[in-house]
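Asker: No sequence on hand, only this structure:
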């Protein structure tokens, strides 16, 4: 009887220790803590931790180097002091001039501390150092600080959503793109025609100049003819030749000449 009770007690103790060990391991691993590592502590003071909690991740260049160990109020200061427990091996990658800021994992995810690396040529920070806080660039934090100004951003997003939803109905986006394509082709044709007209106009300048030269030459010829210069000018301006031609083709002299020709023909016929 006593032997059975002792065995049950041993089993109970063994099971209890095993459960505690398993739970401890899960807790340590869930908090991203190594079981047999040395740690250093770095500190930072924030005016607002934005929901940062104990166990939150501390990241350096995207690599998890530790966790938040403790958050406490600073006496006589409107600030919160954050104790960061860093794996000792990563401390040599944190240089003087490094800064910290609170960021968000995902759009609405958990908060974590991001260590902005300093100059690698600087000295390493030592255990217990306090790192300066960088001006926050977290989107949600910036929006919350802007207050009413951020509401305008959401209004714009809402209007863009409505516009997009309207364009998606009845394939309006496809129609719009098709119209833009056709308009682009029409503009291309207009541009090509304009260039062609400009080219033709440029060629037309040369043709007009040649035409002007031809007219000037014609005027010179007519001027010389009018002055009686040259053979044609002499013929046109000679009054004697004019009278002879007139007597041949017109007036009483032409009648007499015709009569003499008729008379001579009749006489030859009688003979």
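Answerer: On my side now, so go ahead. Every value quoted in this text rests on a predicted model; they were computed, and no experiment measured them.
Asker: buried stuff in the strand or helix carrying residue 17?
Answerer: Residue 17 belongs to helix 2-30 when elements are defined using DSSP states H and E. By neighbour count with 16 or more other C-beta atoms under 10 Å, helix 2-30 contains no buried residues. For glycine as for every other residue, the C-beta is placed from the backbone atoms N, C-alpha and C.
Asker: Show the subsequent helix or strand relative to it.
Answerer: That would be, after helix 2-30 and using DSSP H and E, strand 39-46.
Asker: Which strands or helices does that following strand pack on?
Answerer: Under the contact criterion of 3 or more C-beta pairs under 8 Å, 6 or more residues apart in numbering; DSSP states H and E, strand 39-46 touches strand 80-87.
Asker: Report the mean confidence score over the helix or strand just after the strand it packs on.
Answerer: Note on strand 80-87: by DSSP H and E, the next helix or strand toward the C-terminus is strand 99-104. Throughout strand 99-104, pLDDT has a mean value of 91.
Asker: And for stretch 220-230?
Answerer: Stretch 220-230 comes out at a mean pLDDT of 66.
Asker: now swap in stretch 191-200 and tell me
Answerer: Averaging pLDDT along stretch 191-200 yields 65.
Asker: And stretch 134-154, by the same measure?
Answerer: The average pLDDT for stretch 134-154 rounds to 64.
Asker: Check the separation of the first and last residues in it.
Answerer: 26 Å (C-alpha to C-alpha, to the nearest Å).
Asker: Quick check: the gap between residue 132 and residue 83.
Answerer: Taking C-beta to C-beta, to the nearest Å as the criterion, residue 132 is separated from residue 83 by 16 Å.
Asker: how about the helices in the protein?
Answerer: Under the criterion DSSP state H, helices of the chain are mapped to 2-30, 139-146, 148-168, 172-226, 230-237, 239-249, 251-270.
Asker: coming back round to it: more neighbours, residue 132 and residue 83?
Answerer: Neighbour tally, residue 132 and residue 83, criterion other C-beta atoms under 10 Å: the higher count belongs to residue 83, 15 against 11.
Asker: and the more buried one, what are its bridge partners?
Answerer: Note on residue 83: beta-bridge partners by DSSP bridges are residue 43, residue 70.
Asker: give me the number of residues near residue 103?
Answerer: So residue 103, with other C-beta under 10 Å, has 20 neighbours.
Asker: residue contacts, it?
Answerer: 111, 112, 113, 114, 138 (C-beta atoms under 8 Å, 6 or more residues apart in numbering).
Asker: Out of those residues, give me the one that has the most neighbours.
Answerer: Counting neighbours by other C-beta under 10 Å, residue 113 leads the contacts of residue 103 with 26 neighbours.
Asker: which non-adjacent residue is nearest it?
Answerer: Of all residues not flanking residue 113 in the chain, residue 58 sits nearest, at 4.7 Å (C-beta to C-beta, 6 or more residues apart in numbering).
Asker: Bridged to that neighbour, which residues?
Answerer: residue 66, residue 113.
Asker: quick one: average pLDDT of stretch 77-96?
Answerer: 91.
Asker: For that stretch, list every residue counted as buried.
Answerer: Using 16+ other C-beta under 10 Å as the test for burial, stretch 77-96 gives 79, 80, 81, 82, 84, 85, 86, 87, 90, 91, 93, 94.
Asker: Including distance to residue 160, could those residues go into CSV?
Answerer: Shown next, in CSV, are the buried residues of stretch 77-96 (distance: C-beta to C-beta, whole Å):
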residue, distance to residue 160
79, 39
80, 38
81, 42
82, 38
84, 40
85, 44
86, 43
87, 45
90, 43
91, 47
93, 42
94, 42
